[in-house]
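Visitor: Fold the following and give me the result.
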Amino acid sequence: MSNVETHPAEVLCRSEGLPGPESACADGASVEIITARDVPLGGPRSMTVRRTLPQRQRSLIGAWCFVDHYGPNDVSVTRGMDVAPHPHTGLQTVSWLFEGAIAHIDSGGGEGTVLPGEINLMTGGTGICHSEVSLPDTTVLHGVQLWLALPDAVRNTLDRAFEHFVPQPVPLEGGSALVFIGSLVGAESPVTVHTPLVGAELHVEPGAVLDLPVDAAFEHGLLVDSGDVTLEGVPVLTHVLGYTGVGSERLRIANQGTTPARLILIGGKPFEEEIVMWWNFIGRDSDEIARYREEWEAEGDRFGRVDGYVGHGGPGKNRDGLGRLPAPALPKVRMRARKNPPPRVQNDTTN
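Guide: Have a look, this model is predicted:
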């Protein structure tokens, strides 16, 4: 998914800062609440997504650096998803649906249909472009789009790649898990990532509590899609991300409602490198980002081209008549550092 904001913020993330506060919970891990901001994905009748990462409060959880949550959307009203070819550098994209279907085509030759419960992972590395279009027979679109920052050791050497995997449900006492990245509760995903990570869809039955074993070296985020959920006794509302820092060997997740809860768990070892995020690019400094933008606008070889894109405006065009997304104008000042808090819960969670 593209970041289609007209004036995207520049973000330089780094893992350093002041010591964290005392525990917010008497009998478990501390929990920091990260609320979402609404971002329109396109024009005036566009689909709106809810973005919890990145923002001033916290920019990364492990290498997870971008979390968009959308739907359930009646695409007969919103016209659905129609993102023309757009670029990426220095990252991997993770597409995960609850409902609907999206056609994916990228410049590395990757092509497939994103379906519920199936991970599609695209590796950009030095550069890639891709398109995403909801299929005509999709009436409801609902899911998440996630990005992973690539470490400096591999970001300039990885070829374009596209991987697909269908995880099998793992029964748990009080629920179940679909593990789409890393390993959890005895299940392991084969998709290729380049830092220690975990990603899973969790289901919690009404009135149940999951006592979930996790890696104590990881920080974690729990995004609530549905359900009356608490994390370590702290309410986490729908569309909100509950964050726990490193050090926890188990997370206690409760569904206090009368209907099933659906959640997305992300986590990983803290990402210790500084990264600049702007629009659809991840780099290491302002000059790199400016170079990526220039090469995209010049239709350079770094990104390749998407063949076969059919948008809602017909072959090769989106609903606004665009065959590729133009890059926004760069900020008039050099992109400045933004510190990511340490991997511990913060007292002040204002943006």
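
Visitor: Point out where the stretch 251-351 of the chain drops to low pLDDT.
Guide: Within the stretch 251-351 of the chain, the ranges that satisfy pLDDT under 70 run 337-338, 347-351.

Visitor: Can you show me the strands along it?
Guide: 261-268, 275-278, 281-283, 310-311, 314-315 (DSSP state E, counting those that start in this stretch).

Visitor: Nearest to residue 112 among those would be which one?
Guide: Residue 112 lies closest to strand 310-311 among the strands of the stretch 251-351 of the chain, at 14.7 Å (Cβ to Cβ). Where C-beta positions appear, they are placed from N, C-alpha and C, glycine not excepted.

Visitor: circling back to that earlier point, so which of the strands of the stretch 251-351 of the chain is nearest residue 231?
Guide: Using Cβ to Cβ, the nearest of those to residue 231 is strand 261-268, at 9.0 Å.

Visitor: so who does residue 47 touch?
Guide: When the contact criterion is Cβ atoms under 8 Å, 6 or more residues apart in numbering, the partners of residue 47 are 40, 41, 70, 71, 73, 75, 78, 79, 80, 81, 141.

Visitor: Please disregard the earlier target; I meant residue 287.
Guide: Residue 287 touches nothing, counting by Cβ under 8 Å, 6+ apart.

Visitor: Can you lay out the strands of the stretch 251-351 of the chain as JSON lines showing mean neighbour count?
Guide: Supplementary listing: these in JSON lines, determined by neighbours: other Cβ atoms under 10 Å:
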{"stretch": "strand 261-268", "mean neighbour count": "24"}
{"stretch": "strand 275-278", "mean neighbour count": "25"}
{"stretch": "strand 281-283", "mean neighbour count": "23"}
{"stretch": "strand 310-311", "mean neighbour count": "18"}
{"stretch": "strand 314-315", "mean neighbour count": "10"}
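
Visitor: Present these as a markdown table; the columns should include distance to residue 205.
Guide: Putting the strands of the stretch 251-351 of the chain into a markdown table (distance: least, Cβ to Cβ, whole Å) gives the following:
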| stretch | distance to residue 205 |
| --- | --- |
| strand 261-268 | 8 |
| strand 275-278 | 37 |
| strand 281-283 | 38 |
| strand 310-311 | 41 |
| strand 314-315 | 46 |
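
Visitor: For the contacts of residue 47, pick the one with the most neighbours.
Guide: Highest neighbour count within these, by other Cβ atoms under 10 Å: residue 81, with 28 neighbours.

Visitor: Which positions within the longest helix seen in the chain qualify as buried?
Guide: In the chain, taking DSSP state H as the definition, the longest helix is helix 286-297. Across helix 286-297, burial judged by 16 or more other Cβ atoms under 10 Å covers 286, 288, 289, 290, 291, 292, 293, 295, 296.

Visitor: Return the alpha-carbon coordinates of it using PDB.
Guide: Provided in PDB are the C-alpha atoms of helix 286-297 (Å, rounded to 0.1, in the frame of the first residue of the first chain):
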ATOM      1  CA  SER A 286      17.800  13.300   3.600                       C
ATOM      2  CA  ASP A 287      20.100  13.100   0.600                       C
ATOM      3  CA  GLU A 288      19.200   9.400   0.000                       C
ATOM      4  CA  ILE A 289      15.500  10.200   0.100                       C
ATOM      5  CA  ALA A 290      15.900  13.100  -2.400                       C
ATOM      6  CA  ARG A 291      17.800  10.800  -4.700                       C
ATOM      7  CA  TYR A 292      15.100   8.100  -4.600                       C
ATOM      8  CA  ARG A 293      12.500  10.700  -5.400                       C
ATOM      9  CA  GLU A 294      14.500  12.100  -8.300                       C
ATOM     10  CA  GLU A 295      15.000   8.600  -9.700                       C
ATOM     11  CA  TRP A 296      11.300   7.700  -9.400                       C
ATOM     12  CA  GLU A 297      10.200  10.900 -11.100                       C
END
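
Visitor: who are the neighbours in contact with the spatially most central residue of the chain?
Guide: Geometric centre of the chain, nearest residue: residue 146, 1.6 Å, by Cα atoms, centre = their mean. Counting by Cβ under 8 Å, 6+ apart, residue 146 touches 64, 66, 67, 68, 93, 94, 96, 199, 266.

Visitor: Please consider this matter closed, and thank you.
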